[in-house]
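**Student:** Pasted the sequence and its predicted model underneath.
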Amino acid sequence: MNILLIGGGGREHALAWKMSQSPLCDNLWAAPGNPGVAQNAECVDISVDDTEAIIEFAKENSVDLVVIGPEDPLANGLGDAVREAGMLCFGPSALGARIESDKAYAKDLMRSAAVPTAEARVFTGLTAAKDYVLSREHGVVVKAAGLAKGKGVIVCPEPYQAVKPLEDMLLRNKFGEAGKTVLVEEMLIGPEASILALCDGKSIYPMEALQDHKPIGDGDTGLNTGGMGAYSPVPVVDRAAMDRIEEEILVPIVDAMRRDFGRYEGLLYAGLMFTNAGPKVIEFNCRFGDPECQPLMMRLKSDLVAMMVATAEHKLADINIEWDPRPAVCVVMSSGGYPGDYEKGFEITGIEEADAMDDVKVFHAGTAMDRGKLVNSGGRVLGVTAMGETIAQAKALAYQAVEKITWEGCYNRTDIADKAL
Ligand code: AMP
Ligand code: GLY
């Protein structure tokens, strides 16, 4: 098959690495890719937003399957354009992507389907929003309703702390259009997990559970990021929890989407919190998580291309998917200063040495080539991922690999996976 992968982050490197191992994969291109993706695919210089150029390239190169990594092109309707052009697509339609791109819509859908989630109110006016938070007795969470790269969520254990983020969004336009509508949610308490499920419009296949680490600092302190590390499996998500998630969350939300607009096809990501009252949804995403995808791909034993084709052809029920029982841990190395401002262009050393270690894989996210040298070019730069017999061993190995890699200002959390230990 001829396959075109859209995106250029750590998630896409993990997908390209795994897809390129498939006997079904004859040619693999990535738009735009990155220097890590280039180890497994031919990178073409097309932006993820340029739907026209993507479709033209796919037609010229007889592409059979288009795999869409990030949320923006999905929200822009790239999935619809690919299907209209007669190609197989892994990724939902624009209407499906709304589950992520419009948090107010997602909340309404969850309410209509009685999916357990944090109570929320939606605001567009600052005064009403402030009055509301200041009337609350417990912690709240302020969320930009639109796409904000994981940074538009501010957890406020004391309600007054919500005033500044509300002003940032509704008065100072800090998140642009995405923050012109905000959700104020009750703050939930409990361990978190991410469940990534393949959905083909008929069947749902939840993959192995993962846990992300959103805040920048050790012990979950500081600002939220796109994710500073992830591991799998997650001890709190046992068989019984998984059954409950499927029954109370995944099946009803997919049914609600079918009633609302039709089939949801691709990957559905449920970010969950395990409260005293059971699992509750804190967000849905319409694509693989980043960095969750990196440890997930390390643990996947089956053919990813076959899984994606089965999803696109509504034949998920026909395939068998196998996992390596060994845990995987991914530690994200970021540029100093992220998620705030940071400097780019510093040379990165040590990746080859880390990559040469058994059971270690270094996935590139924000890297670029500059005059023959590999440099940092984004906030999250690398996803250093390792497997081990236990989570503790996988963690130790991942950090041994991190030790070998450096550039000026590089940063990483030191406690990824500790919650499972
Ligand atoms: P989100 O992007 O919606 O997943 O939010 C980012 C992070 O903020 C989550 O991973 C949680 O740690 C935290 N968070 C989001 N919503 C809530 C909530 N209702 N209660 C407590 N924490 C939350
Ligand atoms: N790591 C969380 C996300 O991809 O949204």
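**Tutor:** Alright, I've got the coordinates. Numbers count the residues shown, from 1 in each chain. Ligands and ions are numbered 1, 2, ... in the order given.
**Student:** Run through the residues of the stretch 1-150 of the chain sitting next to ligand 2.
**Tutor:** Residues of the stretch 1-150 of the chain lying close to ligand 2 by C-beta under 6 Å from any ligand atom are G150. To be clear about C-beta, it is placed using only N, CA and C from the backbone, and glycine gets the same treatment.
**Student:** Now the stretch 1-150 of the chain against ligand 2: closest residue?
**Tutor:** G150 (5.3 Å; C-beta to the nearest ligand atom).
**Student:** secondary structure class for that residue?
**Tutor:** Under DSSP: H, G, I helix; E, B strand; the rest coil, the three-state class of G150 is coil.
**Student:** pull the CA atoms of stretch 238-250 into CSV?
**Tutor:** Taking C-alpha atoms only, stretch 238-250 is exported to CSV below (Å, rounded to 0.1, in the frame of the first residue of the first chain):
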residue,chain,number,x,y,z
ASP,A,238,-8.0,-3.2,35.6
ARG,A,239,-10.4,-5.4,33.6
ALA,A,240,-13.4,-4.3,35.6
ALA,A,241,-12.6,-0.6,35.1
MET,A,242,-12.1,-1.2,31.4
ASP,A,243,-15.5,-2.9,31.1
ARG,A,244,-17.1,0.0,32.9
ILE,A,245,-15.4,2.6,30.7
GLU,A,246,-16.6,0.8,27.6
GLU,A,247,-20.1,0.4,28.9
GLU,A,248,-20.6,3.8,30.6
ILE,A,249,-18.5,6.0,28.4
LEU,A,250,-17.3,4.7,25.0
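**Student:** residues contacting the closest residue to C43 other than its chain neighbours?
**Tutor:** In this structure, C43 finds its nearest non-sequential neighbour in G33, 3.3 Å apart by C-beta to C-beta, 6 or more residues apart in numbering. G33 makes contacts with L5, G8, E12, A16, A41, C43, V44, as judged by C-beta atoms under 8 Å, 6 or more residues apart in numbering.
**Student:** any idea how far ligand 1 is from the fifth one?
**Tutor:** Per C-beta to the nearest ligand atom, to the nearest Å, A41 is found 29 Å from ligand 1.
**Student:** any low-confidence regions in the stretch 101-250 of the chain?
**Tutor:** Within the stretch 101-250 of the chain, no range satisfies pLDDT under 70.
**Student:** Contact residues of the chain facing ligand 1?
**Tutor:** With C-beta under 6 Å from any ligand atom as the criterion, the chain meets ligand 1 at residues 118, 141, 143, 150, 153, 155, 185, 187-188, 192, 214, 224, 271, 282-283.
**Student:** Can you tell me which of those has the most neighbours?
**Tutor:** K143 (29 neighbours; other C-beta atoms under 10 Å).
**Student:** same for the helix or strand harbouring that residue, what does it pack against?
**Tutor:** For K143, the enclosing helix or strand under DSSP states H and E is strand 140-144. Counting contacts by 3 or more C-beta pairs under 8 Å, 6 or more residues apart in numbering; DSSP states H and E, strand 140-144 is packed against strand 153-156, helix 163-170, strand 182-186.
**Student:** which among the contacts of G33 gets closest to ligand 1?
**Tutor:** Using C-beta to the nearest ligand atom, these come closest to ligand 1 at E12, 19.8 Å.
**Student:** Sweet, I'm off.
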